[in-house]
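Trainee: pasting a predicted model and its sequence here:
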Amino acid sequence: MSLTELSYYLRKFLPFGILILLIILILYYLVQLAILSIQPEQKTNISLDPVFGKIKPPILGKTTSSAGLNYTIDTLEGTPITATSSADVYFLPTSPVRFGYREKIYLMAKTLGFDTEVVKHKLEGKEAVFKDENQTLTIDITNFNFTYEYSFENHPDIFEGAQAPDKTISISNAIEFLKTVDRYPAELTQGKTNAILIKYDPALRKIFLTKEELSANMIEIDFYRPDMGSYIVVSPEYYNSQNYVMMVQSSSGYKIVKAQVHFYEKSEAQIGIYPIKTGDAAWQALKTGKGWAIQNPNVLRDVVIKEMFMGYLDPDIYQEYLQPVYVFLGENNFVAYVPAVADEYFIE
């Protein structure tokens, strides 16, 4: 066969050869798809270790049910998103009454300006209360959580000469104060801080939030736990922490007018792994009143949810577990929480 003839037959039969090859490849992939379609679906194994058995859902104090509102989701995803299949739940052990607590609570009271030679504490259950005509201090004698309030509304003179607070200096002063009263837990040293500028009008006896340092005459420094892995920690009020120091700054120093630490140490040894609600289940729980409306300042009836994610609720009142919640952020500063652990693992 000459080269001319070979070239002729190649040109004649090459398209048929390519077509046959394509048919074979198509048949091969069809057979592979058929095999995959008849194989049983592989189930994803979820690592669980619910060591505490059924647990109580999170406890929140001054909140209202998420029921009675009309919800619409308008997130980037457009649908509820499942955060994860399982998550850690941490045990919060109780603290016994500590030996020598009396010395410590009197040191705390003296630091805050109480004349402890005159003002003595009253024990109300596990709380020691110091009170005079200007201020009140309540201390839990088991863990030294405390709440302090100075009646600055009755003392407008402390705002005479008040300076616009510097955020950096105020954070440093707040940390110094917590160290002085010996209630600056290690986890709070590792978490973020947030400075909130405040303008107090002594004539109106009202507080206003402001973003302008020059118009502020008070500042609140909030302290938070560090993130739990890839999940943030949220407080019972979301926009404010239950661990804070509020002060007035002047040329002569600073005056603490409010302060609180309600912090519960978590166990690093007692950790359970619990299944988490799907995003759809959390969304239904929100709509059916099985969540909490944490913030609804405009008293909205129709709520548009713009963001949904999971975080850990840092409690301000004692409960046995530090556990996750789904967080729903809406327009006009609306915030709602839904317990994230699957319902079948909750005590009814």
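Mentor: All right, it came through fine. Numbers count the residues shown, from 1 in each chain.
Trainee: for the stretch 1-150 of the chain, which residues score under the pLDDT cut-off?
Mentor: 1-17, 19, 21-22, 25, 31, 33-46 (pLDDT under 70).
Trainee: alpha carbons only: can I get stretch 147-167 in CSV?
Mentor: Coordinates of the C-alpha atoms in stretch 147-167 are reproduced here as CSV (Å, rounded to 0.1, in the frame of the first residue of the first chain):
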residue,chain,number,x,y,z
THR,A,147,-22.0,43.8,91.7
TYR,A,148,-21.1,47.4,92.6
GLU,A,149,-23.2,50.6,92.1
TYR,A,150,-22.5,54.2,93.2
SER,A,151,-25.5,56.5,93.2
PHE,A,152,-23.8,59.0,90.8
GLU,A,153,-27.3,60.4,89.9
ASN,A,154,-27.3,61.9,93.4
HIS,A,155,-23.8,63.3,93.1
PRO,A,156,-23.6,65.5,89.9
ASP,A,157,-20.4,67.1,91.3
ILE,A,158,-18.3,64.1,90.2
PHE,A,159,-19.0,65.2,86.6
GLU,A,160,-17.6,68.7,87.2
GLY,A,161,-14.3,68.7,85.4
ALA,A,162,-14.9,65.2,83.9
GLN,A,163,-12.7,64.6,80.9
ALA,A,164,-13.5,62.9,77.6
PRO,A,165,-12.4,59.3,78.3
ASP,A,166,-9.5,57.8,76.4
LYS,A,167,-10.3,54.2,75.5
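Trainee: who's in contact with that stretch?
Mentor: 112, 134-138, 195, 197, 200, 202, 205, 213-219, 247-251, 255-260, 262 (C-beta atoms under 8 Å, 6 or more residues apart in numbering). From N, CA and C alone the C-beta is placed, and that goes for glycine too.
Trainee: tell me which of those residues fall in strands.
Mentor: 135-138, 195, 197, 200, 218-219, 247-250, 255-260 (DSSP state E).
Trainee: show me the helices in the stretch 151-300 of the chain, by range?
Mentor: Ranges of helices within the stretch 151-300 of the chain are 167-180, 186-190, 279-287, based on DSSP state H, counting those that start in this stretch.
Trainee: where does Pro50 fall, phi/psi-wise?
Mentor: In terms of degrees, to the nearest 10, the main-chain angles of Pro50 are phi -80, psi 70.
Trainee: for the chain, longest strand please?
Mentor: Assigned via DSSP E, the chain shows its longest strand as strand 302-313.
Trainee: hey, what's the angle from that strand to helix 279-287? Just curious.
Mentor: 110 degrees (axes from the mean of the first three to the mean of the last three C-alpha atoms, to 10 degrees).
Trainee: tell me which residues in strand 302-313 are buried?
Mentor: Val303, Ile305, Met308, Met310, Gly311, Tyr312, Leu313 (16 or more other C-beta atoms under 10 Å).
Trainee: one more: stretch 267-286?
Mentor: Here stretch 267-286 shows Gly272, Tyr274, Pro275, Ile276, Lys277, Gly279, Ala281, Ala282, Trp283, Ala285, Leu286 as buried, counting by 16+ other C-beta under 10 Å.
Trainee: try stretch 148-165
Mentor: Tyr148, Glu149, Tyr150, Phe152, Ile158, Phe159, Ala162, Gln163, Pro165.
Trainee: nearest residue to the last one other than its sequence neighbours?
Mentor: Sequence neighbours aside, Ile219 is the residue nearest to Pro165 in space, at 3.8 Å (criterion: C-beta to C-beta, 6 or more residues apart in numbering).
Trainee: and Asn134, how many neighbours?
Mentor: By other C-beta atoms under 10 Å, the residues close to Asn134 number 13.
Trainee: sorry, that was for Lys62
Mentor: Around Lys62 there are 8 residues (other C-beta under 10 Å).
Trainee: now it, what's its secondary structure?
Mentor: Following DSSP: H, G, I helix; E, B strand; the rest coil, we place Lys62 in the coil state.
Trainee: contacting residues for the residue nearest the centre of the chain?
Mentor: Geometric centre of the chain, nearest residue: Val234, 0.9 Å, by C-alpha atoms, centre = their mean. By C-beta under 8 Å, 6+ apart, the contact set of Val234 is Gly311, Tyr312, Leu313, Asp314, Val325, Val327, Tyr337.
Trainee: and it, how close does it get to Lys258?
Mentor: Counting by C-beta to C-beta, to the nearest Å, the gap from Val234 to Lys258 is 21 Å.
Trainee: before we move on, what about Ser267?
Mentor: With C-beta to C-beta as the criterion, Ser267 and Lys258 are 30 Å apart.
Trainee: break down the stretch 51-200 of the chain into its strands, ranges please.
Mentor: Ranges of strands in the stretch 51-200 of the chain, per DSSP state E, counting those that start in this stretch, are 64-65, 70-73, 86-91, 122-124, 127-131, 135-140, 146-150, 193-201.
Trainee: return the most buried member of the helices of the stretch 151-300 of the chain.
Mentor: The highest mean neighbour count among these, using mean count of other C-beta atoms under 10 Å, belongs to helix 279-287: a mean of 19.
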